[in-house]
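In: Predicted model follows, preceded by the sequence.
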Amino acid sequence: MPAVSKGDGMRGLAVFISDIRNCKSKEAEIKRINKELANIRSKFKGDKALDGYSKKKYVCKLLFIFLLGHDIDFGHMEAVNLLSSNKYTEKQIGYLFISVLVNSNSELIRLINNAIKNDLSSRNPTFMCLALHCIANVGSREMAEAFASEIPRILVAGDTMDSVKQSAALCLLRLYKTSPDLVLMGEWTSRVVHLLNDQHMGVVTAAISLITCLSQKNPDEFKTCVSLAVSRLSRIVSSASTDLQDYTYYFVPAPWLSCKLLRLLQCYPPPEDGAVKGRLVECLETILNKAQEPPKSKKVQHSNAKNAILFEAISLIIHYDSEPNLLVRACNQLGQFLQHRETNLRYLALESMCTLASSEFSHEAVKTHIETVINALKTERDVSVRQRAADLLYAMCDRSNAKQIVAEMLSYLETADYSIREEMVLKVAILAEKYAVDYSWYVDTILNLIRIAGDYVSEEVWYRVIQIVINRDDVQGYAAKTVFEALQAPACHENMVKVGGYILGEFGNLIAGDPRSSPLVQFNLLHSKFHLCSVPTRALLLSAYIKFINLFPETKATIQEVLRCDSQIRNSDVELQQRAVEYLKLSSIASTDVLATVLEEMPPFPERESSILAKLKKKKGPGTVSVTDLEDSKREGGELNGGGERGPDTAAMASSNASTPSPSADLLGIRSAAPVGAAPASAGSLLVDVFSEAGPAAPSAAVNDDGFLRDLEQPTATCDSLLVEGSGDSDSAPPSEDPAPPLPEADELLNKFVCKNNGVLFENQLLQIGIKSEYRQNLGRMYLFYGNKTSVQFASFTTTVSYPGELQSQLNVQTKPVEPLVEGGAQIQQVLNIECLTDFSDAPLLNIKFRYGGALQNLTLKLPVTINKFFQPTEMTSHDFFQRWKQLSQPQQEAQKIFKANHGMDTEVLKAKLLGLGSALLDDVDPNPENYVCAGVIQTKGQQVGCLLRLEPNSQAQMYRLTLRCSKDSVSKRLCELLAEQF
């Protein structure tokens, strides 16, 4: 670019900047700025025309004032006038001002576009570069509409200078990222790809960034770039550092271009052409060979550039996963980095080896470094490196080294950082189960896990132990003996008590022959932990006690005495009280035969997939490549635990359950829990109360014939990817796909609006949906606000309301159409009129479809329209309330639920939620001042439903009892379900 002459120094600007820097206070700075703004304003409005130098100087001052944080509301026109100047410095300042201060909605955008068009057609390379930089910096949709068709022509024109081509390629990349639907390459595709053959390395470097981005969206259109990229990479790799002097960085030729070429090749499968593939393999071998050569410089820049290319090459080798020799060599090279003094290199080596461990070709090579990785787990000072070492141990684990790796991970758990303990526990549990040929080892491992890190052992882990012990006769006696010994420790974690209570309650008879573990000794050992445990664990132990009465009749008197004491049958916790009373009555009046039938041993659980693996994947988070996914999808395949070792009974059980549908890894059916206090589902399901009253024979997943742990599928929808992306290649077609199923969190979002009418219903990285609603009698009006959070326009925006089940005859929702286009950063509104025809339980579904960047987005939510929205509050006296309460005394008219508090039991919050419900909150009605009572009438078109509510909090036990009595039984049940989620 032209040099700035001494006359362009702008002394006035320098003096102004000096004055600002010399100000002693903020007030003095503002005073000086206001004085200067007044002077500039008078100059711009004066009769005397300003020359180009003065305009440039004053525009520079305005720009400096803006950068100091002050608003500028004039001078834009003078900056636009500078664009028409033929002097570089004046034009440069004009473009700089526009890039910083002018937004895409400015009225001056048309004038600016005209000036840019003039510069682009001027063929002056300096002016063309300034114009292209301005387009890229502003990057608005208006700019893309004006120049998206012009810039590709400049990019591929034969007479365009190299510096302009570089700017054009990067400018086009910027426009494609902001407005992909407007940048259509079409006829330019092949000519852009051939820029990889350009003689100027700067043009190639800029062009490859553009081609990589385009290839990720449209790989088929740009697949011809593979051979050209291999050819260019081959020339760079085989060249000496002196051949590319202008692009050699610390003796490494063109490192940035090499990395970009290797990254581009990762967008495609291995080349089908044998010659191209051979040339690429040769390049990769050369890169690996150069990594072994002694460094040509001791400076860190040299090693950084060299290693950047090496790691990109290894990523490409892993991506192809088809060259055993290269994979093993890559593994050996990474193994050398494991003991490198540079922490970042050790981290990257561990991360890459995690992926290599999933390849059948390199898995054995990775295993040779097990001692180094174990040492890293123990000695690394950086917790992130230790976490990667744990990931690598998990990835390289197989039958041959499972016991060693599990032992080392258990040893490390005792001193592990708190931030990674939960993940480590899940990994140990998965490995112990997956590679457990000897189930006694599995039991020992899990009990040891509970002892070392009991606080981090989730319910899924100990549920799984129970399931496996119950299903395998050969390990039941050993499990009972081991857990009995573990409970004898003075300090015993509560999870150990849970496992011990369950296993001894079922199989304590298997060790009762030893005087050291006689029935009374077992009972006394468990009861010695009782007072230290939480309410759920105490409930489990009470169930174990009643099982003891069946297993050991000689303990009946002792256990009945425990159940009869005031601390049990008068316990403040209703769940414990109910169990104690019912178990005491059962043991007193039931005959031996009836007792044996009711309290018989738990039947085997159906073989099912492990929810521990699902929890680990969930903890890894969406968007991350889990070593679990890679390992199980590539290396293990169907070879899961128990292949060849399972007995015929277990195999038969697995095959008999193979066709049963899976409830999404709901271990032991705990997600389909019955209400507290519900009657047992079957005669043999008493002890299963410890799993929230879930039945033991819930539907199971299909199980492989050779294993009891089966991997879960990758979740299809997560919090970070809420939109289902369409094909993306039919930009102009209106959305025609079927509505997506409701989001997994749709019920959770619905529950947030049971007691409120306004708020944000849904939000992700693209879209925000706000809601505001009002209801009167059986009518309601809802306002939905759809906000575009991006800078890109939403096209073909449509919304549809649908009615699941019989809802169409129960609820009428009229919608007004929405605008089909939602501009970037804009918000549109939709009005819904709602009429309640009769009582209902389902919520209407709202499906939203639109195109973002050419790709169809499709999501479905539940509209927060619930039966309580049509409440009319009713004031009552205490006498009237209880008189009406007695009238609604039929069993079907009452719904009651006892549940644990989900939130804090703050009085004001409870009152606010009850008022938000829509009914009247009645004061001084209930004899107990801590209880809450409400009354209201639900208005529908066909009838009115009277409702009375009573909420009894127990702050000591952190429990609620919720009772609803309504003149219609379906309304009682629905309101009870809705409200139980609110407290």
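Out: Done, it's in. Numbering: from 1, shown residues only.

In: Please compute how far stretch 294-302 lies from its chain's middle.
Out: 41 Å (Cα atoms, centre = their mean, to the nearest Å).

In: Which of the residues in that stretch are classified as buried?
Out: Residues of stretch 294-302 classed as buried: residue 302 (neighbour count, 16 or more other Cβ atoms under 10 Å). Using the backbone N, CA and C atoms, a C-beta is placed for each residue, glycine as well.

In: Likewise for stretch 119-133?
Out: Buried residues in stretch 119-133, counted by 16+ other Cβ under 10 Å: 119, 120, 124, 125, 126, 127, 128, 129, 130, 131, 132, 133.

In: which two from these end up farthest apart in space?
Out: Across the buried residues of stretch 119-133, no pair lies farther apart than 124 and 133, at 14.1 Å, counting by Cβ to Cβ.

In: Output the buried residues of stretch 119-133 in a markdown table; the columns should cover distance to residue 13 and pLDDT.
Out: Putting the buried residues of stretch 119-133 into a markdown table (distance: Cβ to Cβ, whole Å; pLDDT from 0 to 100) gives the following:
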| residue | distance to residue 13 | pLDDT |
| --- | --- | --- |
| 119 | 25 | 90 |
| 120 | 29 | 89 |
| 124 | 26 | 89 |
| 125 | 28 | 91 |
| 126 | 22 | 91 |
| 127 | 23 | 92 |
| 128 | 27 | 92 |
| 129 | 24 | 93 |
| 130 | 20 | 93 |
| 131 | 24 | 91 |
| 132 | 27 | 93 |
| 133 | 22 | 93 |
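
In: Please flag which of these sit within helices.
Out: Members of the buried residues of stretch 119-133 lying in helices (criterion: DSSP state H): 119, 120, 125, 126, 127, 128, 129, 130, 131, 132, 133.

In: mind listing the helices for the stretch 201-350 of the chain?
Out: 201-217, 225-238, 255-265, 274-292, 300-320, 324-337, 343-356 (DSSP state H, counting those that start in this stretch).

In: if I read this right, residue 819 contacts residue 797, doesn't it?
Out: Yes - using Cβ atoms under 8 Å, residue 819 is in contact with residue 797, at 6.8 Å.

In: Name the nearest residue to residue 166, ignoring sequence neighbours.
Out: Distances taken as Cβ to Cβ, 6 or more residues apart in numbering put residue 206 closest to residue 166, at 4.3 Å, once the chain neighbours are dropped.

In: so what's that neighbour up against?
Out: Shown in contact with residue 206 (Cβ atoms under 8 Å, 6 or more residues apart in numbering): 165, 166, 167, 169, 170.

In: is it true that the second one touches residue 204?
Out: It stands for residue 166. No - between residue 166 and residue 204 there is no contact, the gap being 9.5 Å when judged by Cβ under 8 Å.

In: Over to residue 72. Which of the three states is it?
Out: Following DSSP: H, G, I helix; E, B strand; the rest coil, residue 72 is assigned to coil.

In: go on, residue 831?
Out: strand.

In: ok, now how distant is the nearest residue to residue 197 once chain neighbours are set aside from residue 271?
Out: Excluding its sequence neighbours, the residue lying closest to residue 197 (Cβ to Cβ, 6+ apart) is residue 228, at 6.1 Å. For residue 228, the distance to residue 271 equals 11 Å [Cβ to Cβ, to the nearest Å].

In: can you check residue 854 too?
Out: 28 Å.

In: Kindly report the same for residue 79.
Out: 51 Å.

In: quick check, nearest of the contacts of residue 206 to residue 600?
Out: Of all the contacts of residue 206, residue 600 sits closest to residue 170, with 75.0 Å by Cβ to Cβ.

In: If anything else comes up later, I'll come back, but that's it for now.
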